[in-house]
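Student: give me the fold of what follows.
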Amino acid sequence: MPRNLSRSNPRSTRPRRGSVIVIVVWAVAIAAIIVGAAQVMAFRQAAMGRESIARVEARWAARAGIEESIAVLEYHTEEPDPLDARQMYKDLETSADGEVESGTWEIRHTEDGVEVPGPQDEHARMNVNQLTQLQLMSLSGMTMDVADAILDWRDTDDESRLMGAEREFYVNRNLGYEPRNGDIRSIPEIELIAGAFPSSVRGEDANLNGRLDPNENDGALSEPPDDADGLLDAGWSAALTARSAGSLLGVSGEARLNLKEAGAEEVTERFGVTAEQAAALVAFAKQPSAKLEMLLTQDLASLSQTGGNRNAAGAQGGAAGGSRNGRQSGRSASGAPSQNQNSRIQPLDNQQLRRIFQEATLEDGSKPILGKVNLNTAPPSVIRALLPEDTISADAILSIRNASSTGLLAISDLRGSSRITEQALAAIAPLADTQSNVFTITSRGRSASTGLEVEITVVVDRSTLPARILEYREQ
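Tutor: Next up, the predicted model:
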């Protein structure tokens, strides 16, 4: 029987097996790459998820700090302490640090380059819309041309000052904008004015948050240029604001009494003055040129006499309004004191003046009221800038406020100091007060899980209830 010669050759299967092994190895390698890539993507997504969660935690921690400060501001607007001008700031400092389940917050602002707890009082700065050329020139690095350009930007005409800039200057340079011819609305707006560069306006505070950030304290390593001395040089923004605003609420939390509209009996009851003093105040308030600060340096009888004489003269020829039953009433037809009554008007004492400055107004609220510098919170450099030619009076103001544990309760508290001249009091009174309405709250929230930080800055006006948020920034 013939042999079966059809047996396969074992060597013929080796190349096929080798190919299978190579394919398997490649498949495993590709699978490993896919799994690795999937793991990397999953890790990245998890990390992004953790970061997103941490950012939400930090954001709401920062928001909690904001809400806490607003609650303090609203409380002191509704339930103020008229005998302690510092209490609100103590409460704001107490709530400057806190924690919630998701993280912690800290609220800081800068005074003289150093961070301190609490919000920034916008009334600790000078409102740029009120300053004269001389007061602007008191700012470090300010030049005459920039000061004139700021005044030209604010005024309503197109006539350029000696070294200023009006509409023609901006149009000829194709800058794409013209002067506002009205009040400056923010510190960054100053940078639009001819010659006002960001390096002067912001200094080292590039983001205008009022805090010393790492990039603002690293020398030449990153923008902006700084001297890495651990102090924040905020340029003109450290002394200027455009946000401060007046209020029609008194320190009692009630609406201020408008002397232009009030009756003498109402004035007597509100301010504890005599009937003659009340009549004189009403007569004075009705004069077109009347300013509340005039009461600090001028006698009440003389202030009311001009208006009383004018009103009485206007009533001649129809004297029925000035007499009753054939006898002189002692008042003109408008209720102003007569000449004889002027001699009986006693000067306002310090307590009466304090109540008037705390609770009275000559503003009707028909237009925005520019904010004044709070003498209790302004740094020495700002108070001296208000009186650039009288540093002795400026230093006396600082001494008086620092000597009081409750602070100045009204600007009338400065009367009677032998070191403060009458001229200095008259100069500072239109620009200064002892209350504040607008605050910038910079709250830095930190996540409890990762330590990631989110910073929120809001500008809050407490002159009305509820308080209004004028600006909101988050980074």
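Student: strands of the stretch 351-475 of the chain, start to end?
Tutor: In the stretch 351-475 of the chain, the segments counted as strands under DSSP state E, counting those that start in this stretch are 360-361, 373-374, 432-433, 438-447, 453-461, 468-474.
Student: highest mean neighbour count out of those?
Tutor: strand 373-374 (a mean of 26; mean count of other Cβ atoms under 10 Å). To be clear about C-beta, it is placed using only N, CA and C from the backbone, and glycine gets the same treatment.
Student: packing partners for that one?
Tutor: helix 380-386, strand 432-433 (3 or more Cβ pairs under 8 Å, 6 or more residues apart in numbering; DSSP states H and E).
Student: turn the strands of the stretch 351-475 of the chain into CSV, including mean pLDDT.
Tutor: As requested, the strands of the stretch 351-475 of the chain are exported to CSV (pLDDT from 0 to 100):
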stretch, mean pLDDT
strand 360-361, 96
strand 373-374, 97
strand 432-433, 96
strand 438-447, 97
strand 453-461, 97
strand 468-474, 94
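Student: how close does the nearest residue to residue 250 once chain neighbours are set aside sit to residue 295?
Tutor: In space, and not counting its chain neighbours, residue 250 is closest to residue 359: 3.8 Å by Cβ to Cβ, 6 or more residues apart in numbering. Going from residue 359 to residue 295 by Cβ to Cβ, to the nearest Å gives 13 Å.
Student: more neighbours: the two, which one.
Tutor: residue 295 (23 against 19; other Cβ atoms under 10 Å).
Student: what residues are up against that one?
Tutor: Residue 295 sits next to 303, 348, 353, 356-357, 412 when contact means Cβ atoms under 8 Å, 6 or more residues apart in numbering.
Student: show me where the protein has helices.
Tutor: Secondary structure of the chain, counting by DSSP state H: helices at 14-78, 87-94, 133-137, 144-154, 167-172, 198-201, 264-271, 275-285, 300-315, 339-342, 350-359, 380-386, 391-402, 422-428.
Student: quick one: list the elements packing against the first one.
Tutor: Translated: helix 14-78. If you count contacts as 3+ Cβ pairs under 8 Å, 6+ apart, helix 14-78 packs onto helix 87-94, strand 97-100, strand 103-111, strand 438-447, strand 453-461.
Student: average model confidence for it?
Tutor: Helix 14-78 carries an average pLDDT of 84.
Student: that helix vs strand 468-474, what angle?
Tutor: Our comparison of helix 14-78 with strand 468-474, counting by axes from the mean of the first three to the mean of the last three Cα atoms, to 10 degrees, yields an angle of 160 degrees.
Student: give me the distance between helix 14-78 and the centre of its chain.
Tutor: Offset of helix 14-78 from its chain centre (Cα atoms, centre = their mean, to the nearest Å): 40 Å.
Student: and the fourth one, by the same measure?
Tutor: Distance of helix 144-154 from its chain centroid, counting by Cα atoms, centre = their mean, is 22 Å.
Student: export that helix as CSV, just CAs?
Tutor: Output of helix 144-154 as CSV, limited to C-alpha atoms (Å, rounded to 0.1, in the frame of the first residue of the first chain):
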residue,chain,number,x,y,z
MET,A,144,-0.6,122.1,35.5
ASP,A,145,-1.6,120.9,32.0
VAL,A,146,-3.3,117.8,33.3
ALA,A,147,-5.1,119.7,36.1
ASP,A,148,-6.5,122.2,33.5
ALA,A,149,-7.5,119.3,31.2
ILE,A,150,-9.4,117.7,34.0
LEU,A,151,-11.2,120.9,34.7
ASP,A,152,-11.9,121.4,31.0
TRP,A,153,-13.3,117.8,30.8
ARG,A,154,-15.7,118.6,33.7
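Student: got the buried residues for it?
Tutor: The neighbour-count check on helix 144-154 (16 or more other Cβ atoms under 10 Å) flags 145-154 as buried.
Student: possible to save those residues as TSV with distance to residue 107?
Tutor: Output for the buried residues of helix 144-154, formatted as TSV (distance: Cβ to Cβ, whole Å):
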residue	distance to residue 107
145	38
146	33
147	34
148	38
149	35
150	31
151	35
152	38
153	33
154	32
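Student: picking up where we left off before, got JSON lines for the helices and strands packed on helix 14-78, with distance to residue 62 too?
Tutor: Output for these, formatted as JSON lines (distance: least, Cβ to Cβ, whole Å):
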{"stretch": "helix 87-94", "distance to residue 62": "16"}
{"stretch": "strand 97-100", "distance to residue 62": "10"}
{"stretch": "strand 103-111", "distance to residue 62": "6"}
{"stretch": "strand 438-447", "distance to residue 62": "3"}
{"stretch": "strand 453-461", "distance to residue 62": "4"}
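Student: of the ones you listed, which is nearest residue 275?
Tutor: With Cβ to Cβ, the closest approach to residue 275 among the helices and strands packed on helix 14-78 belongs to helix 87-94: 34.7 Å.
Student: so who does the closest residue to residue 75 other than its chain neighbours touch?
Tutor: Spatially, and ignoring its direct neighbours in sequence, residue 75 is nearest to residue 91 (7.8 Å; Cβ to Cβ, 6+ apart). The contact partners of residue 91, taken as Cβ under 8 Å, 6+ apart, are 72, 75-76.
Student: CA atoms only for stretch 64-78, dumped as CSV, please.
Tutor: Output of stretch 64-78 as CSV, limited to C-alpha atoms (Å, rounded to 0.1, in the frame of the first residue of the first chain):
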residue,chain,number,x,y,z
ALA,A,64,-21.1,85.7,51.4
GLY,A,65,-18.5,88.3,52.5
ILE,A,66,-20.2,90.8,50.2
GLU,A,67,-23.6,90.1,51.6
GLU,A,68,-22.3,90.3,55.2
SER,A,69,-20.9,93.8,54.6
ILE,A,70,-24.0,95.0,52.8
ALA,A,71,-26.1,93.8,55.8
VAL,A,72,-23.9,95.8,58.2
LEU,A,73,-24.2,98.9,56.0
GLU,A,74,-28.0,98.6,55.7
TYR,A,75,-28.3,98.0,59.5
HIS,A,76,-26.4,101.2,60.3
THR,A,77,-28.5,103.1,57.7
GLU,A,78,-31.7,102.0,59.4
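Student: so which of the contacts of residue 91 wins on neighbours?
Tutor: residue 72 (23 neighbours).
Student: that residue contacts residue 95, correct?
Tutor: Yes: with contact defined as Cβ atoms under 8 Å, residue 72 reaches residue 95; the gap is 5.7 Å.
Student: coming back round to it: quick check: of the contacts of residue 91, which lies closest to residue 448?
Tutor: Closest approach between the contacts of residue 91 and residue 448, by Cβ to Cβ: residue 72, at 23.7 Å.
Student: ranges for the strands of the stretch 201-350 of the chain?
Tutor: With strands called from DSSP E, counting those that start in this stretch, the stretch 201-350 of the chain shows them at 240-241, 257-258, 323-324, 327-328.
Student: hang on, the earlier thing: just the helices and strands packed on strand 373-374: most buried one?
Tutor: Neighbour counts (mean count of other Cβ under 10 Å) averaged over each of the helices and strands packed on strand 373-374 peak at strand 432-433, with a mean of 24.
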